[in-house]
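Participant: Sequence and predicted structure are below.
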Amino acid sequence: MSQFDVVVIGAGPGGYVAAIRAAQLGFKTACIDAGVNKAGDAPALGGTCLNVGCIPSKALLQSSEHFHAAQHDFAEHGITVGNVQFDAAKMIERKDAIVTKLTGGIKFLFQKNKVTSLFGTASFVGKNGDFWQLEVDDKGAKTTVEGKHIIVATGSTPRALPLVDIDNVNVLDNEGALNLTQVPAKLGVIGAGVIGLEMGSVWKRVGAEVTILEASSVFLGAADQQIAKEAFKYFTREQGLNIQLGVKLNKITSGSKVVVEYNNAKGEAQTAEFDKLIVAIGRVPNTHGLNAEAVGLQKDERGFIVVDGECRTNLPNVWAIGDVVRGPMLAHKASDEGVAVAERIAGQKPHLDFNTIPWVIYTDPEIAWVGKTEEQLKAEGVDYKKGTSGFAANGRALGLGKAKGTVKILADAKTDRILGVHMIGPMVSELISEGVVGMEFCASSEDIARIVHAHPTLSEVVHEAALAADKRALHG
Ligand code: FAD
Ligand code: NAI
């Protein structure tokens with residue numbers, strides 16, 4: 001039997017980072033993970049994010065963007081490329097190579113940091129003195145591992161739609177949506193959330209006719225609605241995504257085609273037929289296989305492991321981080337919680353500010369935000385001011401051929417402290433960091449306005465929005 005100071009369950013961006021940090025802090029650390037590669041014949045570290053989430057989706061977004069640009073944008077640069085062809089299988093091959101490289105990278109990092117990597121499904125058994133006992137099941141071969149501290153980082157899985165089963169042939173979850181080797185002529189997507197928009201964009205750009213059916217009557221309800229409305233206009237009018245809001249699904253039949261019967265926002269009965277259907281209606285915490293009940297590990301009514309602000313569960317020295325606990329289901333949130341927990345175990349006092357976790361949606365244009373939306377500030381009765389600026393006249397954006405979008409800075413009306421930054425536009429996934437740093441340092445919009453921003457850069461739009469918050473925009 002092996003004993004460790006810290007045992008991490010799950011090697012996603014929460015778990016693997018927690019394990020590395022714990023080992024760096026001098027703890028004898030093991031990380032147990034049950035993930036397998038796409039072929040299902042070898043362990044694959046990295047969890048949802050690296051295998052079937054963040055990384056593969058961004059690879060496909062890039063490939064599809066290149067294809068679209070070659071078809072539609074190159075000509076105005078004076079570049080003629082003739083008859084542009086698209087090979088979906090090749091795109092998937094490239095994506096798989098990136099996944100393999102990165103998941104292999106974690107194996108290397110574990111070796112470098114002396115983290116013991118164990119393959120199998122871990123479940124709680126009980127306690128042996130100060131140690132928690134876990135059973136690790138590798139296809140029936142069972143071993144026992146003991147840890148003084150346990151960090152549960154078992155992630156999340158797609159939320160099921162009761163109307164239809166996922167077969168990843170015709171009806172797909174995120175895994176199937178990332179592995180189509182032929183472009184479906186007609187693609188349906190249930191859910192206009194982050195996955196629906198990113199995956200819908202990929203397959204639309206390479207030629208599919210895409211219809212997204214969304215239950216909510218509000219588009220991107222978590223985003224600032226000025227930005228969401230602008231995004232809706234680009235996605236529907238310019239890019240041709242058919243996004244229907246306020247729908248109610250009635251029946252889904254999967255055969256040679258997938259037939260979806262639903263009521264539209266006006267309550268009218270509709271039938272749509274698709275070659276493939278992606279279901280992306282959110283994700284649920286994954287505690288399957290943990291045997292949490294045996295040790296009384298507390299979960300809430302939605303299945304999340306209950307933790308306090310520092311990721312402590314109801315059990316002594318058992319911690320939980322990432323998608324399996326409250327808060328946004330984002331890789332960087334999971335990783336930062338992992339680092340913080342490892343440091344807490346070492347007696348340090350790390351701090352993670354949940355108000356400054358950035359969100360990014362990797363559509364074109366990209367959407368990014370941090371902090372409060374205007375709707376939230378209004379609901380909370382906060383007296384705020386705002387400054388907005390657009391990419392339309394930004395020299396760098398024009399050079400890139402991506403001169404559309406807006407940056408909005410929301411600041412407290414009296415103190416000028418930045419309360420939220422909202423963006424839609426080119427590379428705002430990178431620009432949002434300025435907002436995050438600013439908010440972490442309690443910056444005012446004047447602070448951003450007084451910082452020299454390089455010219456010509458996209459960041460000048462952030463600068464201009466900060467100037468606008470003080471009603472002194474130079475180019476607006
Ligand atoms: P996970 O990454 O889910 O990892 C959990 C690991 O635990 C898995 O390897 C699993 O096999 C293992 N496990 C579970 N139970 C056990 C057990 N009992 N024993 C052993 N091992 C177990 N987030 C972003 O921030 N940016 C993005 O661009 C982004 N894109 C995404 C795109 C898609 C299509 C999807 C689906 C998600 C995306 N996310 C993105 C979300 C991101 O993937 C998750 O927030 C992140 O992976 C959560 O990390 P985690 O470590 O908590 O869990
Ligand atoms: P989501 O929560 O973003 O969106 C789900 C959408 O489905 C919502 O708009 C919801 O109203 C809708 N919906 C729910 N039930 C429905 C029904 N019965 N019929 C029609 N619509 C319905 O969830 P999604 O897209 O599945 O992604 C899961 C999570 O993964 C995200 O919330 C995010 O945390 C993470 N993610 C992050 C990404 C990023 O950071 N760029 C990319 C992709 C995923």
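Facilitator: Ah, there it is. Numbering: from 1, shown residues only. Ligands and ions are numbered 1, 2, ... in the order given.
Participant: near ligand 1, which residues of the protein show up?
Facilitator: Selection of the chain residues close to ligand 1 by CB under 6 Å from any ligand atom yields 9-15, 32-35, 47-49, 53-54, 57, 121-122, 153-156, 174, 195, 286, 289-290, 322-323, 329-332, 334. All C-beta spots, glycine's among them, are computed from the backbone N, C-alpha and C.
Participant: among those, which ones are buried?
Facilitator: 9-15, 32-35, 47-49, 53-54, 57, 121-122, 153-156, 174, 195, 286, 290, 322-323, 329-332, 334 (16 or more other CB atoms under 10 Å).
Participant: so what's V421 closest to, chain neighbours aside?
Facilitator: Excluding its sequence neighbours, the residue lying closest to V421 (CB to CB, 6 or more residues apart in numbering) is G435, at 3.1 Å.
Participant: Can you name the residue of the stretch 301-450 of the chain nearest ligand 2?
Facilitator: In the stretch 301-450 of the chain, no residue comes nearer to ligand 2 than M329, which is 3.4 Å away by CB to the nearest ligand atom.
Participant: Pretty sure that residue sits in a strand.
Facilitator: No. Per DSSP: H, G, I helix; E, B strand; the rest coil, M329 lies outside any strand segment and is coil.
Participant: Spatially nearest residue to it (excluding sequence neighbours)?
Facilitator: Leaving aside its sequence neighbours, M329 sits nearest to D323 (CB to CB, 6+ apart; 4.5 Å).
Participant: pretty sure the one you found contacts P158?
Facilitator: No. Between D323 and P158 no contact is recorded; they are 11.5 Å apart, counting by CB atoms under 8 Å.
Participant: Helices of the stretch 51-200 of the chain, residue ranges please.
Facilitator: Ranges of helices in the stretch 51-200 of the chain, per DSSP state H, counting those that start in this stretch, are 54-72, 88-112, 174-177, 194-205.
Participant: And the pLDDT for the nearest residue to T143 once chain neighbours are set aside?
Facilitator: Of all residues not flanking T143 in the chain, V136 sits nearest, at 5.0 Å (CB to CB, 6+ apart). Looking at V136, its pLDDT stands at 98.
Participant: Now do the contacts for V136.
Facilitator: Going by CB atoms under 8 Å, 6 or more residues apart in numbering, V136 touches I32, L118, G120, T121, A122, K142, T143, T144, V145.
Participant: near ligand 2, which residues of the stretch 201-350 of the chain?
Facilitator: Residues of the stretch 201-350 of the chain lying close to ligand 2 (CB under 6 Å from any ligand atom) are L213, E214, A215, S216, L249, A280, I281, G282, R283, P328, M329, L330.
Participant: List only buried entries from these.
Facilitator: L213, E214, L249, A280, I281, R283, M329, L330.
Participant: ok, these vs T80, which is closest?
Facilitator: Set against T80, the nearest of those by CB to CB is A280 (37.4 Å).
Participant: one step back: separation between the residue nearest to T143 and ligand 2?
Facilitator: Using CB to the nearest ligand atom, to the nearest Å, V136 is found at 28 Å from ligand 2.
Participant: That residue pairs with what?
Facilitator: With DSSP bridges applied, V136 shows beta-bridge pairing to A122, T143.
Participant: confidence score at the residue of the stretch 301-450 of the chain closest to ligand 2?
Facilitator: For M329, pLDDT reads 98.
Participant: What segments of the stretch 301-450 of the chain are strands?
Facilitator: 318-320, 359-361, 366-371, 384-390, 406-412, 418-425 (DSSP state E, counting those that start in this stretch).
Participant: Contacts for the first one, please.
Facilitator: Right, strand 318-320. Strand 318-320 is contacted from outside by 132, 149-153, 295, 297, 305, 307, 311-313, 341, 344-345, using CB under 8 Å, 6+ apart.
Participant: mind redoing it with 7 Å?
Facilitator: For strand 318-320, contacts defined as CB atoms under 7 Å, 6 or more residues apart in numbering pick out W132, H149, I150, I151, V152, L297, I305, V307, C311, R312, T313, V341.
Participant: Isn't the fourth one up against I321?
Facilitator: The reference is to I151. Yes. Under the criterion of CB atoms under 7 Å, I151 makes contact with I321 at 6.3 Å.
Participant: Find the residues that touch each one of the two.
Facilitator: Shared contacts of I151 and I321, defined by CB under 7 Å, 6+ apart, comprise A18, V341.
Participant: Looking at those two, which is more packed in?
Facilitator: Taking other CB atoms under 10 Å, I151 and I321 do not tie; I321 has more neighbours (33 against 30).
Participant: That one and A153 touch, don't they?
Facilitator: Yes. The pair I321 and A153 passes the contact test of CB under 7 Å, sitting 5.2 Å apart.
Participant: shared neighbours of those two, which are they?
Facilitator: Joint contacts of I321 and A153 (CB under 7 Å, 6+ apart) are G14, A18, A334, G338.
Participant: Tell me which two of these sit farthest apart.
Facilitator: Pairwise distances across those peak at 8.8 Å for A18 and A334 (criterion: CB to CB).
Participant: Look up the residues that both of these two are in contact with.
Facilitator: Common neighbours of A18 and A334 (CB under 7 Å, 6+ apart) are A153, I321.
Participant: just to revisit the earlier point, shared neighbours of D323 and P158, which are they?
Facilitator: Applying CB under 7 Å, 6+ apart, one finds that D323 and P158 are jointly contacted by R283.
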